[in-house]
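Visitor: make a model of this:
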Amino acid sequence: MILAIDVQYSGSTAFVAGITFNDWRSEVPENEFTSILQGVAEYEPGNFYKRELPCILKLIEAHDLQPEIIVVDGYVFLDGHQRPGLGKYLHDALQGRVAVIGVAKRSFSGIAEDHEVLRGKSVKPLYVTTSGKLAEAKHHIASMFGEHRIPVLLKRADQLCRELAKANGNIPSADTDDCRSL
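Guide: Residues are numbered from 1 along each chain as shown. Got it, this is the predicted structure:
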């Protein structure tokens, strides 16, 4: 099972959404899961994982999920190889039992071009990092369903956490830092 996760913030509340699928080319998720976490840590520049990691772990634990691969909105390695990002901390928190693929929309200083994936007709790449083999991770993300830059299932994880926030009286704005969409 593959699990794609996204998180939406409103103040100290996190709205966490995960979707599962078994085939990278799937058009729709097999299942959707959500969790709300109160009292989330403030954003700390350079240590975003401290805010996001507990949210992801809560979703996994609350729904007793056992994925083989997790796709996160962000980086596994900020430089592509050594400097740990959210995905590396998640991989370590799960004791290395789960492969993690990071998909980021923005380039991080020092990330090499070999981490870029162009999808559809987009001229803006996604940046893929992984706890596993880079070529394989890039192939998986490139092969995901959808003709646009953002694969349909990754977009669905983003939409699901936004819907959860809205249903709980928090209307996210697309241009705020608290809105972490793919």
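Visitor: alpha carbons only for contacts and neighbour counts from here, please
Guide: Noted.
Visitor: what's near enough to touch residue 105?
Guide: By Cα atoms under 8 Å, 6 or more residues apart in numbering, the contact list for residue 105 reads 74, 125-127, 182.
Visitor: now do the phi/psi pair for it.
Guide: The phi and psi torsions at residue 105 (degrees, to the nearest 10) take the values phi -90, psi -20.
Visitor: quick one: it and residue 138, what's the gap?
Guide: Shown here: residue 105 relative to residue 138, a distance of 14 Å by Cα to Cα, to the nearest Å.
Visitor: same deal with residue 131?
Guide: For residue 131 relative to residue 138 (Cα to Cα), the value is 12 Å.
Visitor: for residue 88, same thing?
Guide: Distance of residue 88 to residue 138, given as Cα to Cα: 17 Å.
Visitor: buried residues in the longest helix seen in the chain?
Guide: Taking DSSP state H as the criterion, the chain has its longest helix at helix 152-167. Using 16 or more other Cα atoms under 10 Å as the test for burial, helix 152-167 gives 152-165.
Visitor: same question for stretch 17-30.
Guide: So stretch 17-30, judged by 16+ other Cα under 10 Å, has buried residues 17-21, 24-25, 29.
Visitor: farthest-apart pair in these, please.
Guide: Using Cα to Cα, the buried residues of stretch 17-30 span at most 20.0 Å, a distance reached by 17 and 25.
Visitor: now stretch 129-137: buried residues?
Guide: For stretch 129-137, burial by neighbour count (16+ other Cα under 10 Å) applies to 129-131, 134, 137.
Visitor: for this protein, what spans make up the strands?
Guide: Using DSSP state E, the strands of the chain run over 2-10, 13-21, 31-37, 69-73, 99-104, 116-117, 126-130.
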